[in-house]
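> sharing a sequence plus its predicted fold:
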Amino acid sequence: MSLSVSISLSLLVVVVAFYYTQTNSAMPSLAAIRASNAAFFRSKPAPSSAVAANVPTAVFVGGTSGIGEGMALTYAEHTEGKSNIIIVGRNAAAAERIFASMPSPPADIQPKLAREFVQCDATLMKNVHVASQTILSRYPKINYLVMSPGYSTLVGRDETPEGIDRKLAVHYYARWKFLHDLLPGLKDAQEKGEKAAVVSVMAAGHGGKIDLEDLGLKKGYSLSAAALAAPTYNDLMMESFAEQAPNVTFIHAFPGFVRTSLGSSSPSPTLRIVSPSCSPSLVPSPTAVKPGAWRVGSKGEDLGMKRHFGDEVQRKKVWEHTVEVMRAALASSSAGTSKAGSRNNNSTSTLRPDIV
Ligand SMILES: NC(=O)c1ccc[n+]([C@@H]2O[C@H](COP(=O)([O-])OP(=O)(O)OC[C@H]3O[C@@H](n4cnc5c(N)ncnc54)[C@H](OP(=O)(O)O)[C@@H]3O)[C@@H](O)[C@H]2O)c1
């Protein structure tokens, strides 16, 4: 089995595992994962003709490369093309290549199922706003939201015109904004009796304590501070959204080490040099999860509260801080550059000065 398929299966299982109601913290084999993935998709009734509205819709933010690409491809294979698939990122050519290698949507389902690229530089919240409103206007029902945008750099704090550090923007703020804006679509799926799940591929179990006086890391930025804050913010983000949508599944996942372009595409020469010599290792495992907020480790295990930082007060503070950051970002004068991508693209989204 190739590495990419291993990666895909291991992470796909995170997306679909919540269908399984039993909890099981033991690590299953790759064969078990493949079997459970296959069984899940076999158990789903195939969409018949003229029911395009009933097929699932999956959004992959960061689906143009690496882990997100693997998840998107595996999802497409298991659904045999019977899904709307939206990839969000900057690299349109990569998205086209990925769509071309997916199974084609069945011709008898009308209107034709979407393979849509939505271009978005997620370092700017204005772009995320436009992209998510574009997606929601076209797909009011969203079943899966997978977020794996990654940015690896050894550079210190690097602010966008909106005043947010680029790395934190990609690893946290943009994810919060996508999730915030697309939540109505996830709720719609759930209210229709369908499955709805969110996966943020980051670093569950690898976060640290946070500084309530400097949540934006404007004063105390360091590579380690940013690396410890983003996973904790992801944890707290998922918990906050799970409170708002208790019937949706929210998973913060740590993938383990996976050889992707994360290092080789880094703006930091050191990381570009080091990355090809790193060996991939990933042992997958289906962790059975129900609606709610989950933290999943590199072996698919339920991390529970292991290396969890932040209590209810901190969760609230992080939420309020994020809302404030979003307000400031959207009110700032930087120009959004998001545009809809290569297929079915007539964005009618308008930028609102608020976030709700
Ligand atoms: N690989 C690992 O070993 C590992 C380990 C632990 C955690 N993780 C985390 O897992 C996540 C995925 O990692 P990966 O290895 O799959 O990374 P990757 O192969 O480098 O892919 C990163 C994705 O993020 C997108 N992206 C980067 N900057 C963006 C921006 N400004 N706006 C929009 N999209 C952007 C890229 O798309 P475009 O280029 O099209 O914009 C690409 O699709 C990351 O958050 C990473 O920190 C990875």
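Nice, thanks for sending it over.
> sec struct for residue 140, please.
Secondary structure assignment for residue 140 (DSSP: H, G, I helix; E, B strand; the rest coil): coil.
> mind listing what it touches?
184-185, 188 (CB atoms under 8 Å, 6 or more residues apart in numbering). From N, CA and C alone the C-beta is placed, and that goes for glycine too.
> just put the residues you listed in a markdown table and tack on secondary structure.
Converted to a markdown table, the contacts of residue 140 look like this (three-state DSSP):
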| residue | secondary structure |
| --- | --- |
| 184 | helix |
| 185 | helix |
| 188 | helix |
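> ok, the closest residue to the ligand within the stretch 101-250 of the chain - contacts?
The minimum distance from the stretch 101-250 of the chain to the ligand, using CB to the nearest ligand atom, falls at residue 150 (2.8 Å). The contact partners of residue 150, by CB under 8 Å, 6+ apart, come to 62, 66, 170-171, 260, 262.
> relative to residue 116, which of the contacts of residue 140 is nearest.
Within the contacts of residue 140, proximity to residue 116 (CB to CB) peaks at residue 185, which comes in at 14.1 Å.
> wait, doesn't that closest one sit right on residue 144?
No: contact criterion CB atoms under 8 Å: residue 185 and residue 144 do not qualify, at 10.3 Å.
> got any ranges where the protein has weak pLDDT?
Within the chain, the set of residues satisfying pLDDT under 70 comprises 1-30, 32-34, 36-53, 262-289, 333-356.
> can you give me the helices for it?
3-16, 30-43, 66-78, 92-100, 125-138, 166-168, 174-191, 223-244, 269-274, 312-331 (DSSP state H).
> I figured residue 154 hits residue 223, correct?
Yes: shown here, residue 154 and residue 223 form a contact pair, counting by CB under 8 Å, at 6.6 Å.
> tell me the spacing between residue 316 and residue 215.
Residue 316 is 12 Å from residue 215, where distance means CB to CB, to the nearest Å.
> neighbour count winner among the two?
Regarding residue 316 and residue 215, a neighbour count based on other CB atoms under 10 Å identifies residue 215 as having more, with 19 against 13.
> now do the contacts for that one.
By CB under 8 Å, 6+ apart, the neighbours of residue 215 are 229, 317-318, 321.
> what of residue 261?
Residue 261 sits next to 65-66 when contact means CB under 8 Å, 6+ apart.
> for residue 59, same thing?
With CB under 8 Å, 6+ apart, residue 59 has these contacts: 86, 88, 135, 139, 142, 144-146, 178, 182.
> now residue 315
Per CB under 8 Å, 6+ apart, neighbours of residue 315: 236, 239-240.
> how about residue 128?
120, 122, 174, 177-178, 181, 338.
> most surrounded residue in the residues you listed?
residue 120 (29 neighbours).
> my guess is that one contacts residue 92, does it?
No: using CB under 8 Å, residue 120 makes no contact with residue 92, being 10.9 Å away.
> circling back: now, which of the contacts of residue 150 lie close to the ligand?
62, 66, 170-171, 260, 262 (CB under 6 Å from any ligand atom).
> which among the residues you listed count as buried?
Using 16 or more other CB atoms under 10 Å as the burial test, those include 62, 66, 170-171, 260, 262 as buried.
> take these and lay them out in JSON lines including distance to residue 294.
Below are these laid out as JSON lines (distance: CB to CB, whole Å):
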{"residue": "62", "distance to residue 294": "19"}
{"residue": "66", "distance to residue 294": "22"}
{"residue": "170", "distance to residue 294": "22"}
{"residue": "171", "distance to residue 294": "19"}
{"residue": "260", "distance to residue 294": "23"}
{"residue": "262", "distance to residue 294": "23"}
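> about what we covered before: PyMOL command for the buried members of the contacts of residue 215?
Selection of the buried residues among the contacts of residue 215 in PyMOL, burial being defined by 16+ other CB under 10 Å:
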select buried, resi 229+317+318+321
